[in-house]
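Q: Sequence and computational prediction follow.
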Amino acid sequence: MLPITGRIVFEGFRGGRFTNLFGLGLGAELLYSFLIIICSLMIYSGTKEIYELSQHKGIKYFRMAFLFFALAYFFRSFIKFILVYFNVKGLFEISPMILNPIISQITLVVFMYFSAMAIFYLLYSVMWKRWDSGIKIYLFHLIALVIAVYSVFSRNPFSYIGLNILLFVFILMITMISYKNSRKKTKGHNPYAIYVLLLFFWLLNIIDILIPKFLQVFQLFIYLASSGIFLLMLYKVLKKIGN
Amino acid sequence: MVKRGKLEIIRDILLTTQKNHNHIKPTPLLRQSNLSSSRFKEYFSELIEKEFIREHISRGERFILITEKGFKFLEKYQAIVNFIDEFEL
């Protein structure tokens, strides 16, 4: 009998898993991640000049948010690759004999940390004037790290999703308060609607990673809507900086 | 009167220098920038550090000139302000 690793590789090349690897499933996943990574990196590099000239903290945190989105989606596509290749529902189901658990767990920690920090940076870019202190951003790094480590040690996707929903409600409340104090509330010109949508689809993307079958029916809609939001953000950024 | 923001003050200092044919002494610049002496010193040091302006000695007198980076800032100022405003940063 072949060792399990050899059998998996052999079966993979024989058909089933290999078809999944290059089929629509993973192809769509990679295309989706690629689109969001490109949008995020274009926002990051497109705002480089105005940040270097102004040294404005809001622009700095805004750029950092999109850099972290790009990193988070890179690791997300890596997790999706593992899930599709090994044909499992969740990272915790992969046998230690097939893939070293340290690799999958570190990938999950890194993904969770980067995605939480992307959201925190976006929040901080809007709130920095009220919270201005270098310490607070380190506090957010610490919270993101705790969330990431918790997601691996709890080994229960539902408790982690509960934690993220709480975080979502907390950030939503801050965004709403910030919107109320906003200088401009003109319809169609307010960024808060996009920020809330980014938050919402960030949550759906996390659910999609931790419980892949849970949102499978809506997966195409989630991917299209998320891509649309990032493209809209990129369009608004490029329009404003005049590139 | 609305308090000027940091970016606006930097723009005003650079515009004042530009209006004086990019060649102005520190004292008239201080007077025309509508800042206290201590705040002007802070901004002056910052602008030198950021390489937006540079000092030039001519016939024993000190003059201030805008650098290429300073002109770039003036050119991009409106885009920077619009961007900050658009995303409420």
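A: Arrived safely, thanks for sending.
Q: Below-threshold pLDDT in the chain: ranges please.
A: Looking at chain A here, since you left the chain open. A:1-24, A:89-100, A:132-135, A:183-189, A:243 (pLDDT under 70).
Q: um, chain B though
A: B:1-2.
Q: So which residues of it form strands?
A: Under the criterion DSSP state E, chain B contains strands at B:53-58, B:61-66.
Q: Now do the first one against strand B:61-66, angle only.
A: Here strand B:53-58 runs at 150 degrees with respect to strand B:61-66, directions being taken by axes from the mean of the first three to the mean of the last three C-alpha atoms, to 10 degrees.
Q: And strand B:53-58, what does it pack against?
A: When contacts are defined as 3 or more C-beta pairs under 8 Å, 6 or more residues apart in numbering or on different chains; DSSP states H and E, strand B:53-58 sits against helix B:6-19, helix B:37-49, strand B:61-66. C-beta: built from backbone N, CA, C; applies to glycine.
Q: Contacts for the longest one next, please.
A: Outside helix B:6-19, the residues that touch it by C-beta atoms under 8 Å, 6 or more residues apart in numbering or on different chains are A:54, A:56, B:4, B:23-24, B:29, B:32-35, B:43-44, B:46-47, B:52-53, B:64-66, B:70, B:73-74, B:77, B:80-81.
Q: In which helix or strand does A:K236 reside?
A: helix A:219-241 (DSSP states H and E).
Q: and A:A148, what does it touch?
A: By C-beta under 8 Å, 6+ apart, the neighbours of A:A148 are A:108-113, A:116.
Q: for A:K129, same thing?
A: By C-beta under 8 Å, 6+ apart, the residues touching A:K129 are A:G58.
Q: Same question for A:I59.
A: By C-beta under 8 Å, 6+ apart, the contact set of A:I59 is A:47, A:50-51, A:125, B:80, B:83-84, B:89.
Q: Can you say which two of the residues you listed are spatially most distant?
A: Largest separation among the contacts of A:I59 by C-beta to C-beta: A:S125 and B:I80, giving 14.5 Å.
Q: pull the longest helix from chain B.
A: Longest helix in chain B by number of residues (criterion: DSSP state H): helix B:68-86.
Q: which other residues reach that helix?
A: Counting by C-beta under 8 Å, 6+ apart, A:47, A:49-50, A:53-54, A:56, A:58-59, A:183-184, A:189, A:191, A:236-237, A:240-242, B:7, B:10-11, B:14-15, B:17-18, B:47, B:50-53, B:66, B:89 sit against helix B:68-86.
Q: could you pick out which of the contacts of A:A148 are near chain B?
A: For chain B, no contacts are drawn from the contacts of A:A148 by C-beta under 8 Å from any C-beta of the partner chain.
Q: Filter these down to just the ones in helices.
A: A:108-113, A:116.
Q: Of those residues, just the buried ones, PyMOL syntax please.
A: Selection of buried members from these for PyMOL, criterion 16 or more other C-beta atoms under 10 Å in any protein chain shown:
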select buried, chain A and resi 108+109+110+111+112+113+116
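Q: Pull out the buried residues from stretch A:35-52.
A: Using 16+ other C-beta under 10 Å as the test for burial, stretch A:35-52 gives A:35-37, A:39-44, A:46-47, A:50-51.
Q: quick revisit: can you tell me which of the strands of chain B is packed in deepest?
A: Each of the strands of chain B was scored by mean neighbour count; the highest is strand B:61-66, a mean of 16, by mean count of other C-beta atoms under 10 Å in any protein chain shown.
Q: neighbouring contacts of it?
A: B:14, B:17-18, B:22-26, B:29, B:52-57, B:74.
Q: With respect to A:F78, which of those residues is nearest?
A: B:F52 (42.9 Å).
Q: Pull the residues that contact stretch B:37-56.
A: Contacts for stretch B:37-56 (C-beta under 8 Å, 6+ apart): A:55, B:9-10, B:13-14, B:17, B:23, B:26, B:29-30, B:33, B:35, B:62-67, B:69-70, B:73.
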